[in-house]
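Asker: just a sequence and a predicted model for now, questions to come.
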Amino acid sequence: MAIFWKAKPAAAVKFYTWEPEISGADGLASYTLTVTSGGVSLESVVNGRYIEVYATGGTDATTAVIAATAVTDLGEELAETIYLPVIATGSQIANTARDYCTFALRKVVGNGETPDATELDDALEQLNGMVAQWRASGADVGATFPIEANTVIYCPDWAADAIRYNLRLQVYSLYGEEPTAMDALKAKQGLQLVKHKNLPDEREGADYY
């Protein structure tokens, strides 16, 4: 099972809770929280069936992944994966998913027009799939899942165009529209930049194509 905690700025200390799904009269005997990526630091304490967690630090514009395991008094082992998006320091662009979808649908619905519920749902489905695929391929922008219409995507400023233009290509394909050469170029360059920025520090200076 996956759990998504609310995004935090890298410099902030945020409080979270995790409640393992312990059944009946069983109790919590022990637990572990292991950060497998994303650079956050955790301090935690048990409070009844809850684990209270303070998270600090984190790598800008990535999603920290935490392997959470609990062992109950009766010996049952419960494992979950927790995702914690880290907001980029200095991010000034904080568009909602609706903003990105409206941009992507502009040619479909017409300039200045508001997408209807079905069109918005189509674009949101494409946006969720696209950003999830990016994360899996090493191009994380730190978005919180599930991405809903009013979800604010606190991505780095340099990643905003990558989302806009790649989502536009996805939506155009869905509705049978042809992208312009400029749309395609901006989408390609934007995604290349996101992938480059997700490289480990020792590779930051490498060329990318």
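Answerer: That came through, no problem. Residues are numbered from 1 along each chain as shown.
Asker: who does the lowest-mean-pLDDT helix or strand in the chain pair up with?
Answerer: Lowest mean confidence among the helices and strands of the chain (mean pLDDT, DSSP states H and E): strand 8-9, at a mean of 84. Here strand 8-9 has these sheet partners by DSSP bridges: strand 77-87 (parallel).
Asker: what lies in contact with the partner strand?
Answerer: For strand 77-87, contacts defined as C-beta atoms under 8 Å, 6 or more residues apart in numbering pick out 1-5, 7-10, 16, 18, 20-22, 33, 38-40, 55, 58-72, 142-145, 154. Where C-beta positions appear, they are placed from N, C-alpha and C, glycine not excepted.
Asker: filter those residues to the buried ones?
Answerer: For the contacts of strand 77-87, a burial check counting by 16 or more other C-beta atoms under 10 Å picks out 5, 7-10, 16, 18, 20, 22, 33, 38, 40, 55, 58-66, 68, 70, 72, 142-144, 154.
Asker: which members of the contacts of strand 77-87 are positioned in helices?
Answerer: Assigned to helices by DSSP state H, none of the contacts of strand 77-87 qualify.
Asker: mind checking which of those residues land in strands?
Answerer: Assigned to strands by DSSP state E, the following of those qualify: 2-4, 8-9, 16, 18, 33, 40, 55, 63-72.
Asker: what sits against the residue nearest to the spatial centre of the chain?
Answerer: For the chain, the residue sitting closest to the mean C-alpha position, by C-alpha atoms, centre = their mean, is residue 143 at 2.4 Å. By C-beta under 8 Å, 6+ apart, residue 143 lies in contact with 63, 85, 131, 151, 153, 155.
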